[in-house]
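K.L.:
Okay, sequence plus prediction incoming.
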Amino acid sequence: MNWQEKLNQFVDAFEHKDDIIGILVCGSFITGNPSSHSDLDVHIILDESVDYREKGNKIIDGLLIEYFANPPRQIRSYFKEDYQSISQMSQTQFATGEIVIDTTGTVAKLKQEAIAIIERQFEDVEISPHALTKYGIWDMLDDLQDLYENERTEFDFVYYANLDKLISLYMQQIKQPYTNKTILGHITSDTVRRKYLLQELPDEVVKDLIKTCITAENKKNRMESYEKLANLTLNLMGGFAIDGFKFKSNVEE
């Protein structure tokens with residue numbers, strides 16, 4: 001039984017079957033190279049009149065189906081939320097997905113809207129780094145330097161946790177979406193960029209820094225690259241100096 005047959009079996013038993021106006025399948029079964037851990041990602045488009053949404057999982061003959069049931073207005077809300085947060089997860093799913101059912105033409109319209117949003121490349125999203133965000137980057141670097149210089153056992157754990165935050169903040173500054181499980185492919189692979197509709201990073205130096213931060217075995221090399229990436233990110237945010245830093249706000253009642 002192939003995935004299409006398993007999907008049909010799932011849909012036949014779906015509790016809200018009468019509300020379905022469309023189905024779109026996305027993920028690695030559509031874009032290529034599914035693994036033994038891949039699930040089938042299914043967007044179920046419900047009639048606009050419904051007042052509910054549902055997310056769930058169902059195993060059909062060994063295949064895990066992860067489904068998202070939403071009316072069109074909710075999907076458009078996801079598009080908007082992702083766009084404002086420099087993410088294109090929902091848009092990419094629709095842009096690269098395969099339409100299985102589309103009784104009203106709504107799924108095809110959502111697919112075109114998703115493509116149009118991706119093509120905008122977040123050009124009208126304003127990024128205004130908060131003072132506490134800049135302090136946080138400095139503080140993470142300072143903590144890591146202390147752990148490294150004192151050869152603390154937890155250095156690697158803290159390093160990779162902080163690196164995840166740092167790369168996400170850099171990517172936000174250049175208005176590119178970030179997912180930690182695809183970032184290495186993002187900077188090294190045309191195939192990954194095509195699969196997830198990603199733009200190549202504009203700075204070759206940063207690409208090398210991120211790659212070294214992730215892959216270098218030598219802690220000294222990783223630490224030096226992390227520091228350069230942190231300082232570069234702070235420069236993009238307008239710079240930061242710890243001496244004299246202060247932040248004043250109202251007391252929460």
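P.N.:
Received, thanks.
K.L.:
Return the distance of Leu40 relative to Asn2.
P.N.:
11 Å (C-beta to C-beta, to the nearest Å). The way it works is simple: take the backbone N, C-alpha and C, and place the C-beta from them, glycine included.
K.L.:
and the two? which has more neighbours close in?
P.N.:
Set Leu40 next to Asn2 and count neighbours by other C-beta atoms under 10 Å: Leu40 wins out with 23 against 8.
K.L.:
Tell me the bridge partners for the more buried one.
P.N.:
Counting by DSSP bridges, Leu40 is bridged to Ile65.
K.L.:
Distance of it relative to Pro34?
P.N.:
Taking C-beta to C-beta as the criterion, Leu40 is separated from Pro34 by 9 Å.
K.L.:
what residues are shared contacts of these two?
P.N.:
When C-beta atoms under 8 Å, 6 or more residues apart in numbering defines a contact, the residues bordering Leu40 and Pro34 alike are Gly27.
K.L.:
does Arg193 belong to a helix or a strand, and which?
P.N.:
When elements are defined using DSSP states H and E, Arg193 is found to belong to helix 190-196.
K.L.:
State the helix or strand in which the nearest residue to Ile183 once chain neighbours are set aside lies.
P.N.:
In space, Ile183 comes closest to Ile167 once its chain neighbours are excluded; the distance is 6.2 Å by C-beta to C-beta, 6 or more residues apart in numbering. With secondary structure defined by DSSP H and E, Ile167 is part of helix 155-173.
K.L.:
Which elements pack onto that helix?
P.N.:
Using 3 or more C-beta pairs under 8 Å, 6 or more residues apart in numbering; DSSP states H and E as the contact criterion, the neighbours of helix 155-173 among helices and strands are helix 131-149, helix 204-215, helix 219-236.
K.L.:
Redo those as JSON lines? Include distance to Gly105, mean pLDDT and mean neighbour count.
P.N.:
Shown next, in JSON lines, are the helices and strands packed on helix 155-173 (distance: least, C-beta to C-beta, whole Å; pLDDT from 0 to 100; neighbours: other C-beta atoms under 10 Å):
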{"stretch": "helix 131-149", "distance to Gly105": "43", "mean pLDDT": "97", "mean neighbour count": "16"}
{"stretch": "helix 204-215", "distance to Gly105": "41", "mean pLDDT": "97", "mean neighbour count": "16"}
{"stretch": "helix 219-236", "distance to Gly105": "43", "mean pLDDT": "97", "mean neighbour count": "18"}
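K.L.:
Including distance to Ile118, could those helices go into CSV?
P.N.:
Formatted as CSV, the helices and strands packed on helix 155-173 follow (distance: least, C-beta to C-beta, whole Å):
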stretch, distance to Ile118
helix 131-149, 26
helix 204-215, 21
helix 219-236, 23
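K.L.:
shaky segments in this structure?
P.N.:
Segments of the chain classed as low confidence (criterion: pLDDT under 70) are 1.
K.L.:
Point to the residue nearest the middle of it.
P.N.:
Central residue check for the chain by C-alpha atoms, centre = their mean: the C-alpha nearest the mean position is that of Thr179, 4.0 Å away.
K.L.:
Quick check: buried residues in the helix holding Arg193?
P.N.:
Neighbour-count burial for helix 190-196 flags Arg193, Lys195, Tyr196 (criterion: 16 or more other C-beta atoms under 10 Å).
K.L.:
Looks like the first one contacts Leu184 (just checking).
P.N.:
No - Arg193 is beyond contact range of Leu184, at 11.8 Å (criterion: C-beta atoms under 8 Å).
K.L.:
can you pull the contacts of Leu46?
P.N.:
Taking C-beta under 8 Å, 6+ apart as the test, what Leu46 contacts is His16, Asp19, Ile20, Ile21, Tyr52, Arg53, Ala69, Asn70, Pro71.
K.L.:
how about CSV for those, with secondary structure added?
P.N.:
As requested, the contacts of Leu46 are arranged in CSV below (DSSP: H, G, I helix; E, B strand; the rest coil):
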residue, secondary structure
His16, coil
Asp19, helix
Ile20, strand
Ile21, strand
Tyr52, coil
Arg53, coil
Ala69, strand
Asn70, strand
Pro71, coil
